[in-house]
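Enquirer: fold the following, please.
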Amino acid sequence: SQHVLSQQQRHPIATGDLTLLLTAIQTTCKFISTNVRRAGLLNLIGQAGSSNVQGEDQKKLDILSNDIMINSLRASGKCAVLVSEENDDPIFIDTAHRGRYCVVFDPLDGSSNIDAGVNIGTIFGVYKCRDDSEGTLDDVLRPGSELQVAGYCMYGSSANLVISTGQGVNGYTLDNGIGEFILTHPNIRIPSRGKIYSFNEGNSLFFHEPVTRYLESIKFPSNGKPYSARYIGSMVADVHRTLLYGGIFGYPSDKKSKSGKLRLLYEGYPMAYLVEQAGGLATTGTERILDIKPTDIHQRCPVFLGSKEDVEDVMAFHKEQ
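Expert: Numbers count the residues shown, from 1 in each chain. This is a model prediction of the structure:
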C-alpha cells in the first residue's frame, strides 16, 4: 500500500481512485489466499456441481473466490463494469456504487490444481471508462494496450502479487505476520533469452506445423544445449516463473482448439501487458496480443509470451509457414 501511494504522489493530477481500487484488489487477494491455504480444512476442495460459461466444471473455491472479488470491487465504489471468467455476462454496477473503472478478472486461474495443492492464482486487468461513458460493454471490449493496470496474485508457498501500472513491473510478497504485501521484487526485468519452455506437449498431436517445428528446434538444437521443459498447468505459476527466469510460455491454437484455449480479456491481456512491461514480448504467433480488438468478453486467443528473443524465434517459424 505504501509503495502504491508513493507512486501516486508522482502524478499531481491523480485523484486517488485507482489507488483505492488497487487496495480493494490486494485485500481481495489476501482473503482468497487465506481460503486457498485452508481449503482442505473448510471443505472447499472439490466440485461445486455447476459449470461456467466455458463449460468448465466449477470448484467450490472458484465460486467463493469469484463472490469475494465481485463484492469487494463493488464495495470499493470505484468500478463501473466487472467481467469475470465465472459469469456469463458483464456485471454493471448500480449508480449508487459506480466509479470510473472496469475490472476484468479470472478469480482463480488453475483451479483444476486445487485438490493437488499446486500453485494457483488470480489474474486481473483494469480499464478506465471513456470520458463520455458511465460504464458500458464498449468500455471493456478494448485492446489490451489501453489497460491502466494489469496484475496477478499467485497462491503457493507464499502469496505473490505482481502488478504493473504502465511504469514497469513490481512484485510483492504477503507477510502473514503483519497482513501486508511487502515489495520484494522491484522493477522485474525478464531476461532477453531463457533456457526453459513451457508448453502442454500432451497436445502435440494437434499442434500446427510452425509450433511443432519450433519445439523441435529447441529440444534438438544443431548446436548448444536443449531447453528444459517446465509445465505446471496453472498459467499464473508458469508465467511467474517465465517472468523471473526467462524462456517462453505457449498455449497455441491447434487442430482441436481453433482459437486457442486461453481467454483474451482476463488472461491474455493482463499477462501480455506484464511481460511487455518487463521487457519481453507477447504474440499470437502472427500479431501482438495487446493490439487485438476483442469482440466478445470470453473470446479466446493463442498465446506465446516470454523472453524477447525466444518469442521472436517462434514468430519467425510462423512467418515461414
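
Enquirer: tell me which residues touch the closest residue to Arg189 other than its chain neighbours, please.
Expert: Closest residue in space to Arg189, ignoring its immediate chain neighbours: Gly279 at 5.2 Å, by C-beta to C-beta, 6 or more residues apart in numbering. Any C-beta I mention is one placed from the backbone N, CA and C, and that applies to glycine too. Contacts for Gly279 (C-beta atoms under 8 Å, 6 or more residues apart in numbering) come out as 189-190, 192, 308.

Enquirer: make TSV out of those residues and add secondary structure, distance to Asp109 and pLDDT.
Expert: Conversion of the contacts of Gly279 to TSV gives the following (DSSP: H, G, I helix; E, B strand; the rest coil; distance: C-beta to C-beta, whole Å; pLDDT from 0 to 100):
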residue	secondary structure	distance to Asp109	pLDDT
Arg189	coil	24	99
Ile190	coil	20	98
Ser192	coil	27	98
Lys308	helix	24	99
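
Enquirer: drop anything exposed from these.
Expert: Under a neighbour-count criterion of 16 or more other C-beta atoms under 10 Å, the subset of these counted as buried comprises 190, 308.

Enquirer: and which of the contacts of Gly279 is nearest to Met235?
Expert: Distance to Met235 across the contacts of Gly279 (C-beta to C-beta) is lowest for Ile190, with 15.9 Å.

Enquirer: that closest one reaches Leu305, doesn't it?
Expert: No - contact between Ile190 and Leu305 fails when scored by C-beta atoms under 8 Å: they sit 9.4 Å apart.

Enquirer: now do the helix or strand harbouring Pro210: which elements does it pack against?
Expert: The secondary structure element spanning Pro210 is helix 209-219 (assigned by DSSP states H and E). Counting contacts by 3 or more C-beta pairs under 8 Å, 6 or more residues apart in numbering; DSSP states H and E, helix 209-219 is packed against helix 308-320.

Enquirer: tally of neighbours for the nearest residue to Glu146 once chain neighbours are set aside?
Expert: Among residues not flanking Glu146 along the chain, Tyr127 sits closest, at 6.3 Å (C-beta to C-beta, 6+ apart). By other C-beta atoms under 10 Å, the residues close to Tyr127 number 24.

Enquirer: how about Tyr127, secondary structure?
Expert: strand (DSSP: H, G, I helix; E, B strand; the rest coil).

Enquirer: please name the residues that touch it.
Expert: For Tyr127, the residues meeting the contact criterion (C-beta under 8 Å, 6+ apart) are 101-104, 139-140, 142, 146-148.

Enquirer: what separation is there between it and Met69?
Expert: 16 Å (C-beta to C-beta, to the nearest Å).

Enquirer: and if you look at Ile297?
Expert: Distance from Ile297 to Met69, counting by C-beta to C-beta: 16 Å.

Enquirer: in terms of neighbours, single out the busier of the two.
Expert: When neighbours are counted by other C-beta under 10 Å, Ile297 and Met69 differ, and Met69 comes out ahead with 26 against 22.

Enquirer: so the more buried one sits in a strand?
Expert: No - secondary structure assignment places Met69 outside any strand; it is helix (three-state DSSP).

Enquirer: tell me how far it lies from Thr27.
Expert: 10 Å.

Enquirer: one step back: now list whatever residues contact both of Ile190 and Leu305.
Expert: Residues touching both Ile190 and Leu305 (C-beta under 8 Å, 6+ apart) are 242, 275, 280.

Enquirer: nearest to Cys79 among those residues?
Expert: Closest approach to Cys79 among these (C-beta to C-beta): Val275, at 25.4 Å.

Enquirer: which residues touch the closest one?
Expert: Counting by C-beta under 8 Å, 6+ apart, the residues that Val275 touches are 190, 239, 242-243, 281-282, 305-306.

Enquirer: try it again at 6 Å.
Expert: Contacts here follow C-beta atoms under 6 Å, 6 or more residues apart in numbering; on that basis Val275 touches 282, 305.

Enquirer: does it count as helix, strand or coil?
Expert: For Val275, the secondary structure call by three-state DSSP comes out as helix.
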